[in-house]
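Enquirer: Turn this into a model:
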Amino acid sequence: MSNAISWFEIPSTNFERAVKFYNELLDAELQPMEMDFKMAFFPYKDGGVGGCVTHGNGNKPSQEGTFAYLNGGDDLSVPLARVEKAGGKVLMPKTSLGENGFMAIFLDTEGNRVAFHSMK
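Expert: Here you go, the predicted structure:
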């Protein structure tokens, strides 16, 4: 096993709003797909950990329980500065983890508690 996590899903109540939020937040374009429910995939490379925003699969946004850490790039200050502009709320500012880098926690437009991690 090379990664403990292989996939994650972030639920939405308003799919279009959630996709717009993450597109702005990550300065990337999530790739939509519709099956029995709506999904929009975060960018990832083959063999890497992937995930998506979902809607209509019974999952509900939550501030409690398990949450995902998104890659904050070289310096998470960059995407963290986009959180409130995109409609979210910073819950915990950039915080040192010592030799393990930095983290920050935010609330997305759907009410999900999500985090960023970076080494700078």
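Enquirer: Now do the buried residues in stretch 20-39.
Expert: Neighbour-count burial for stretch 20-39, counted by 16 or more other Cβ atoms under 10 Å, picks out 20-22, 24-26, 30, 38-39. C-beta: built from backbone N, CA, C; applies to glycine.
Enquirer: Packing partners of the helix ranked longest in the chain?
Expert: If you go by DSSP state H, the chain has its longest helix at helix 15-26. Contact analysis of helix 15-26 by 3 or more Cβ pairs under 8 Å, 6 or more residues apart in numbering; DSSP states H and E lists strand 38-41, strand 50-55 as its packing neighbours.
Enquirer: What lies in contact with the first one?
Expert: Counting by Cβ atoms under 8 Å, 6 or more residues apart in numbering, the neighbours of strand 38-41 from elsewhere in the structure are 9, 15, 18-19, 22, 30-33, 50-56.
Enquirer: Any idea how far that strand is from the middle of the chain?
Expert: Taking Cα atoms, centre = their mean, to the nearest Å, one finds the center of strand 38-41 at 13 Å from the center of the full chain.
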